[in-house]
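Q: What follows is a predicted structure for the sequence shown.
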Amino acid sequence: DAMVIQNPRYQVTQFGKPVTLSCSQTLNHNVMYWYQQKSSQAPKLLFHYYDKDFNNEADTPDNFQSRRPNTSFCFLDIRSPGLGDAAMYLCATSRGGGRGYTFGSGTRLTVV
Amino acid sequence: AQTVTQSQPEMSVQEAETVTLSCTYDTSESNYYLFWYKQPPSRQMILVIRQEAYKQQNATENRFSVNFQKAAKSFSLKISDSQLGDTAMYFCAFMIGGNTPLVFGKGTRLSVIA
């Protein structure tokens, strides 16, 4: 089945140690999104790509970066995780044009 | 800027009953899209229903239907014959279109009680 896959499902990292979260899709959607969701809160958009065009939200911390080497893969890099970065990170894809998103299962990041 | 407001942080409903979740939004755009997403505990967020603003007819998907009031900027979700599996966080979301990102409300936590 076509889907959005996020790895790992759970990630524990040390304070200040770089960490990378990955997302892959078999839907061939041209738009990919990264959201941060803290407990009982709405997802907050960090970045999105339209094809290879990168769009960074104005309030996304500089600590967060993203890469999209090809249509299928997208990565979220957190250069120096702080305790406040502990959250669920959601990857989503879309064909655009007002269609809904397809979400991955998320990666729950714990910072110790 | 577009905003989405869900005024009910938590709701509960008895199994087999009907429940309505509220959502209002603010935009100056005339054409846009509205969505309800369901996020079960520790599980993937999935699309429940989608409404195109230029369509007057309310969208329905099996037990799920919406009441879209464009003038009032209201987009409520009705769940009929509630089932235990409907227990989840429900997010109302808004998109202008093209490739603009979804803007989410803060969510309503729905508990279906046996």
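A: Yep, it's here. Numbers count the residues shown, from 1 in each chain, chains lettered A, B, ... in the order given.
Q: what's around residue 21, how many residues?
A: If you meant another chain, say so; for now it's chain A. A:L21: 21 surrounding residues under other CB atoms under 10 Å in any protein chain shown. C-beta here means a position set from N, CA and C on the backbone, and glycine is covered the same way.
Q: my question was about chain B
A: Neighbours of B:L21 (other CB under 10 Å): 23.
Q: Now do the contacts for residue 78.
A: Reading this off chain A. With CB atoms under 8 Å, 6 or more residues apart in numbering or on different chains as the criterion, the residues that contact A:I78 are A:13, A:18-21, A:63-64, A:85, A:109.
Q: hmm, I had chain B in mind actually
A: B:K78 touches B:18-21, B:64-67, counting by CB under 8 Å, 6+ apart.
Q: Likewise for B:V66?
A: B:34, B:36, B:49, B:51, B:58-60, B:75-78.
Q: Straight-line length of stretch B:17-27, end to end?
A: 33 Å (CA to CA, to the nearest Å).
Q: mind checking how far stretch B:99-112 is from the chain centre?
A: Stretch B:99-112 sits 7 Å away from the centroid of its parent chain (CA atoms, centre = their mean, to the nearest Å).
Q: for chain A, which spans come out with low pLDDT?
A: Along chain A, segments meeting pLDDT under 70 span A:1-2.
Q: Work out which residue lies at the spatial centre of the chain.
A: Using chain A here. Geometric centre of chain A, nearest residue: A:W34, 3.2 Å, by CA atoms, centre = their mean.
Q: I was thinking of chain B, sorry if that wasn't clear
A: B:W36 (3.2 Å).
Q: roughly how far apart are it and B:E17?
A: For B:W36, the distance to B:E17 (CB to CB, to the nearest Å) stands at 18 Å.
Q: Which stretches in the chain count as strands?
A: Just so you know, I chose chain A. A:4-7, A:10-13, A:19-25, A:31-37, A:44-50, A:53-56, A:64-67, A:73-78, A:87-94, A:102-103, A:107-111 (DSSP state E).
Q: hm, I was asking about chain B
A: B:3-5, B:10-14, B:19-21, B:24-26, B:33-39, B:46-52, B:60-61, B:64-69, B:74-79, B:88-95, B:103-104, B:108-113.
Q: Output these in TSV; the columns should cover mean pLDDT.
A: Output for these, formatted as TSV (pLDDT from 0 to 100):
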stretch	mean pLDDT
strand B:3-5	94
strand B:10-14	97
strand B:19-21	98
strand B:24-26	96
strand B:33-39	96
strand B:46-52	95
strand B:60-61	94
strand B:64-69	97
strand B:74-79	98
strand B:88-95	95
strand B:103-104	93
strand B:108-113	97
